[in-house]
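Student: Got a predicted structure here, sequence first:
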Amino acid sequence: MIRTIADVACRDYDRWYILAHSQGAVVAFNGLMEPAFGWPGYLDAKRWRSLCAKKMAGGAATTMPDAKGMMPPRPAWVSHHDIVYRTRVFARFRGLLTYGSPLEKFAAIWPATVAVCREPAFQEGTRWINVYDPLDLVSGMMKSWPTHDHACSPPFENIGYAAGPWLLAGHTAYLDCPDPASDDRPRSPRALVLADGVALWIANDDGDAVHCLKTSRLFRSGDTAEKYRNLNAAVQTFIVTMFITGLSAVALKLVLSRFFPFLGKVTGLSDPGNPTQEPWLLWQWSAFSLFLAIILPLGFGAFSRWKIGVISHGERPPDVAFSAVTTPDPSPISGS
């Protein structure tokens, strides 16, 4: 990701954007948040020379931290005080689109993996649009990121989008666009989709084009449409969980009956070749299956919502490294 950002920054585009899907959103965010001192470890010599030629890299004005143990290690062909000037690298960066993104879940469970770099780098007007769908269990609303310092982390905007009708089916369908007609016959105008708004945003540098898109598939947090999709997701999740649990029960019964006949000798069952036919054992397994199907999903959901709520309200444990990546002032040495 760092290498791609360096390549794009050196090409003198009028503006450029990053579109990141699913786990790629975590990769993209880490690339945007990499501190200036850590950049050389990701670059080859050719890219480093290109950044220096564009005055996007060079010496720092202050002493840099000890590079011992840094991962990836800094290459031997850079001096100890060499850094990338992130403000110049991101001077024409205009926006980040994350869709189907698990970033909020990472912030709740592994916050140190999505830490925010406190080096100012982003220009005013840089936007971050996060698109989510309650039926896509991978995605989620952004809540945990700082909103006061836009130079360090672009301001985010949550936009709900009905990507698909079934659980997880829409995870790869956010930017799907209807196929064009295969003949020249006139067609009625098709319904607008998310891809249309994204295209207008990039083409016209108009971030409002996404959330102002006139389509019934867009919704805001708290809207009736979001509540309906949350309920729909809960019902479908319960049905799928029950089905998987029942299938697992049948499979386990088959395994017990065929591969563990010695259980009959240990427990004194009447049919040591098929211990799962005993009523008491079936009752115990049914109770255990019911526990897996209902209690565990509800418990995990409650824990996740509590954990995300704690993180989003700033009540982070002191040992969590969220929003704590810092380096000294990375401004270039005078005359460089």
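Tutor: Good, I have the coordinates. Residues are numbered from 1 along each chain as shown.
Student: all contacts plus neighbour counts: C-alpha atoms, from now on.
Tutor: Fine.
Student: can you map out the helices along the stretch 1-150 of the chain?
Tutor: Remark: helices of the stretch 1-150 of the chain, listed N- to C-terminal, are 2-9, 23-33, 45-53, 86-89, 103-109; assignment by DSSP state H, counting those that start in this stretch.
Student: Kindly present those as JSON lines, with separate columns for mean pLDDT, mean neighbour count and distance to residue 191.
Tutor: Converted to JSON lines, the helices of the stretch 1-150 of the chain look like this (pLDDT from 0 to 100; neighbours: other CA atoms under 10 Å; distance: least, CA to CA, whole Å):
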{"stretch": "helix 2-9", "mean pLDDT": "95", "mean neighbour count": "17", "distance to residue 191": "33"}
{"stretch": "helix 23-33", "mean pLDDT": "94", "mean neighbour count": "19", "distance to residue 191": "27"}
{"stretch": "helix 45-53", "mean pLDDT": "93", "mean neighbour count": "16", "distance to residue 191": "43"}
{"stretch": "helix 86-89", "mean pLDDT": "94", "mean neighbour count": "20", "distance to residue 191": "38"}
{"stretch": "helix 103-109", "mean pLDDT": "88", "mean neighbour count": "21", "distance to residue 191": "30"}
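Student: Looking at those helices, spot the one closest to residue 151.
Tutor: helix 86-89 (9.1 Å; CA to CA).
Student: could you dump that closest one to CSV, C-alpha only?
Tutor: The C-alpha coordinates for helix 86-89 follow below in CSV (Å, rounded to 0.1, in the frame of the first residue of the first chain):
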residue,chain,number,x,y,z
ARG,A,86,3.5,13.2,4.5
THR,A,87,2.0,16.6,4.1
ARG,A,88,3.5,16.8,0.6
VAL,A,89,2.7,13.2,-0.3
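Student: number of nearby residues for residue 154?
Tutor: Using other CA atoms under 10 Å, residue 154 has 24 neighbouring residues.
Student: What are the boundaries of the strands in the protein?
Tutor: Taking DSSP state E as the test, the strands found in the chain are 16-21, 57-59, 82-84, 93-99, 127-132, 156-161, 218-219.
Student: Output the contacting helices and strands for the second one.
Tutor: Contact partners of strand 57-59 among helices and strands, from 3 or more CA pairs under 8 Å, 6 or more residues apart in numbering; DSSP states H and E: helix 45-53, strand 82-84.
Student: Also the fourth one?
Tutor: When contacts are defined as 3+ CA pairs under 8 Å, 6+ apart, strand 93-99 packs onto strand 16-21, strand 127-132.
Student: That one: partners in the sheet, and parallel or antiparallel?
Tutor: Taking DSSP bridges as the criterion, strand 93-99 forms sheet pairs with strand 16-21 (parallel), strand 127-132 (parallel).
Student: State the number of residues packed around the closest residue to residue 163 other than its chain neighbours.
Tutor: Taking CA to CA, 6 or more residues apart in numbering, and ignoring the residues beside it in sequence, residue 163 has residue 170 as its nearest neighbour in space, at 4.6 Å. For residue 170, the number of neighbouring residues by other CA under 10 Å comes to 22.
Student: Residue 170 touches residue 138, doesn't it?
Tutor: No - with contacts defined as CA atoms under 8 Å, residue 170 does not count as touching residue 138, sitting 10.3 Å away.
Student: just to revisit the earlier point, same list (the helices of the stretch 1-150 of the chain) but as TSV, adding distance to residue 200.
Tutor: Supplementary listing: these in TSV, determined by distance: least, CA to CA, whole Å:
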stretch	distance to residue 200
helix 2-9	21
helix 23-33	21
helix 45-53	30
helix 86-89	24
helix 103-109	25
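Student: Nearest to residue 208, out of these?
Tutor: In terms of CA to CA, the element of the helices of the stretch 1-150 of the chain nearest to residue 208 is helix 23-33, at 21.1 Å.
Student: Give the other helices and strands that that closest one contacts.
Tutor: If you count contacts as 3+ CA pairs under 8 Å, 6+ apart, helix 23-33 packs onto helix 2-9.
Student: Kindly export the helix it packs on (C-alpha atoms) in CSV.
Tutor: Presented in CSV, the C-alpha positions along helix 2-9 are these (Å, rounded to 0.1, in the frame of the first residue of the first chain):
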residue,chain,number,x,y,z
ILE,A,2,2.8,2.4,0.9
ARG,A,3,4.5,1.8,-2.5
THR,A,4,1.2,2.4,-4.4
ILE,A,5,0.6,5.6,-2.5
ALA,A,6,4.2,6.7,-3.3
ASP,A,7,3.7,5.9,-7.0
VAL,A,8,0.5,7.8,-7.3
ALA,A,9,1.8,10.8,-5.4
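Student: could you give the angle of that helix to strand 16-21?
Tutor: For helix 2-9 against strand 16-21, the angle by axes from the mean of the first three to the mean of the last three CA atoms, to 10 degrees is 150 degrees.
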